[in-house]
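> predicted coordinates and the sequence they were generated for:
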Amino acid sequence: MLLIEELSENTKEVAKGSIWGLSGNLLLKLVSFFYAIVIARLVSQDDIGIFYLTLGILQIISMFSYLGLPFSLQRYVPFYESRKELGKAKYLLKLSYLIVILASIFFIAGLWISADFIGELYQNALLAESIRLFSVYLFLYGVSVVQITYLQGRTAIRSMQLAYNVQNVSKLLLTILFFYLMGPSVFTLIYAFLASFAISDLVSLFLLYRRSRDLPKASQPISNKELFREVMPLGLIVSVIASITVFVQAADKILLGYLLPNSMDIVGVYGIATAFSMLLFVFPSAIGMIFLPIISRLVGKNDLSQIRATTETAMRWAFLISIPVAIIIISFSEGMLGIFYGEPYRVAAVAMAIFTLAVLVKSFSLMLSLALAAMRKIQLELKITLILGIVNVIFNVLLIPSYGMEGAAIASLIAFITTFFLLNHYCNKIFQFKLQPENYKLIIAGATTLIIMLFISPYASIDIPSIGPESLAPYISKVLYLFFLGIFASVAFTLFILFALVLKCFKNEDKLLMKQVLTKARLPAPIISLAEKTAALGVSD
């Protein structure tokens, strides 16, 4: 039997980084969950729709704004580190700051000039005012990207998660404060959102300073040939790819607002429902945060066998942790929307279930996409992402007029399924990656569990009586619902694990990796021993 020490260093680093990534992401999404409840309960659906629509527009513009340099940091910093050229990493960092400042000024001015035109396009004067106010986001977000992608490139996952969570917690607290001082509206939402990024930027700047003290005093200039033929072209194409990805995430809301007249309330409801579905993505992205810099270092060493092995391990764990969460969200979508956000949001239950399937497929695609990104297969990334964007837009346009929110969710599902098959094909072609039998077995285990839970889920539709003082009763009822939901979620998780054990969905490496993760989490030895023995029942090799 292998010992823990026989795990590859890359696999150990994935385990260690994933602990910080997962714990940080869980806090991030928990705060986002409460944030969504606050705004859904206190802000009109029209204002929420304008907020999400404005944010979507700005996110798309932000991807084009910085000539791609900030997005090059997460690829080139570990690449230069592996080649012991940290002076180049420092030069790229300084250049990225300069580009962000200059580009932000230019695009903010452009938004102020074009805001009225965009408002007229959507027949909403309030949208123009929101765009002008929100335009400062381009600068704040650009600085955030520079600092956080640098931290990711240096595998400082704990610092990176701290910066993310400072922004998210600040957003929640400032939103509540501004609502109290000025009343709930789209503008107080924007004020709090911008202020939270300003606070986060200051914190991440301090963290960046601490993680860059090992950089040489003098930066090492990157040659014009390397800068203009490799770094900047890669960054520009990454920007295009990121823009298309963000557009795909925002296209459904943008097209819902455009194709369905006077539908800002629908955009608001759909925005809240799909934001809940994105809770699922917290789990694979925790692995992805540490996975990208590790693969980038392996690319620097041209170690294809380790790239393939590390990708297979990360992929299997993405399946393992994503599927049961998706089952819970799909099975109890209507009840969760009604209890947490209010009765008007129940109408989005089917759309949320479909969109959750889309996010699940996206979770499967993440490791493959990051592997290609680390290998700088940039033209291939662009090709696949363009197909994703085109398919998404076509099906949104075809389905939204007839099926509304459900049509938008189906369009996302079709687009992400297409992307997954393309990524799988090219990863197989480039570094002989193949989905392992364990991946297919986990899908079977998940599908079987989902069918059972769909039969059980009606019993979770419990009418919670009002308990306690009138002012606290709504909150007490939510806590009670969470308790009952936790019971059913435990049933779903247990069923999934049982099916996974019966189908032999694990490898010996997974058992050892799980033991290392639990050991690092400082769980009692008897629990670790029991978990190890249980996992051994499902080992296929």
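Nice, thanks for sending it over.
> any weak-confidence spans in the stretch 1-150 of the chain?
Within the stretch 1-150 of the chain, the ranges that satisfy pLDDT under 70 run 1-29, 63-65, 67-71.
> which stretches of the stretch 151-300 of the chain form helices?
Applying DSSP state H, counting those that start in this stretch to the stretch 151-300 of the chain gives helices spanning 157-182, 186-211, 224-226, 232-259, 264-277, 282-301.
> again with the stretch 351-500 of the chain
Assigned by DSSP H, counting those that start in this stretch, the stretch 351-500 of the chain shows helices spanning 378-431, 437-456, 473-502.
> which other helices and strands contact the longest one?
Right, helix 378-431. For helix 378-431, the packing partners by 3 or more CB pairs under 8 Å, 6 or more residues apart in numbering; DSSP states H and E come out as helix 232-259, helix 264-277, helix 304-331, helix 349-374. Bear in mind the C-beta positions are built from the backbone N, C-alpha and C, glycine included.
> any chance of the ones you listed in CSV, plus mean pLDDT and distance to N392?
Formatted as CSV, the helices and strands packed on helix 378-431 follow (pLDDT from 0 to 100; distance: least, CB to CB, whole Å):
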stretch, mean pLDDT, distance to N392
helix 232-259, 73, 5
helix 264-277, 81, 13
helix 304-331, 85, 20
helix 349-374, 88, 10
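> out of those helices, which is closest to Y191?
Closest to Y191 of these is helix 264-277 (CB to CB; 18.5 Å).
> what's the closest one packed up against?
Counting contacts by 3+ CB pairs under 8 Å, 6+ apart, helix 264-277 is packed against helix 9-42, helix 45-65, helix 232-259, helix 333-341, helix 349-374, helix 378-431.
> about what we covered before: so of the helices of the stretch 151-300 of the chain, which one's packed in deepest?
helix 264-277 (a mean of 25; mean count of other CB atoms under 10 Å).
> hmm, I118 is touching S130, no?
No: using CB atoms under 8 Å, I118 is not in contact with S130; the gap is 9.8 Å.
> more neighbours, the two?
S130 (26 against 17; other CB atoms under 10 Å).
> leaving out sequence neighbours, find the closest residue to that one.
T54 (4.5 Å; CB to CB, 6 or more residues apart in numbering).
> nearest to Y426, out of the helices of the stretch 151-300 of the chain?
Closest to Y426 of the helices of the stretch 151-300 of the chain is helix 232-259 (CB to CB; 14.2 Å).
> can you give me the angle that closest one makes with helix 349-374?
Helix 232-259 runs at 170 degrees relative to helix 349-374, counting by axes from the mean of the first three to the mean of the last three CA atoms, to 10 degrees.
> for helix 232-259, packing partners?
For helix 232-259, the packing partners by 3+ CB pairs under 8 Å, 6+ apart are helix 45-65, helix 69-82, helix 264-277, helix 378-431.
> what's the spacing between the residue nearest to S130 and M182?
18 Å (CB to CB, to the nearest Å).
> just L256 next, same as before
Distance from L256 to M182, by CB to CB: 28 Å.
> may I ask you to confirm that A198 is in contact with L140?
Yes: using CB under 8 Å, A198 is in contact with L140, at 6.0 Å.
> now do the shared contacts for the two.
Common contacts of A198 and L140 (CB atoms under 8 Å, 6 or more residues apart in numbering): none found.
> dump the residue contacts of the spatially closest residue to T418 that is not a sequence neighbour.
Distances taken as CB to CB, 6+ apart place V391 nearest to T418, at 5.3 Å, with adjacent residues excluded. Counting by CB under 8 Å, 6+ apart, V391 touches A411, I414, A415, T418.
> swap in I394?
Neighbouring residues of I394 by CB under 8 Å, 6+ apart: A411.
> count the neighbours of the closest residue to Y91 other than its chain neighbours for me.
Distance criterion CB to CB, 6+ apart; nearest residue to Y91, sequence neighbours excluded, is S219 at 3.9 Å. For S219, the neighbour count with other CB under 10 Å is 17.
> the one 3 residues further on now?
Using other CB under 10 Å, I222 has 21 neighbouring residues.
> how about it, phi and psi?
Torsion angles at I222 (phi, psi; degrees, to the nearest 10) stand at phi -90, psi 130.
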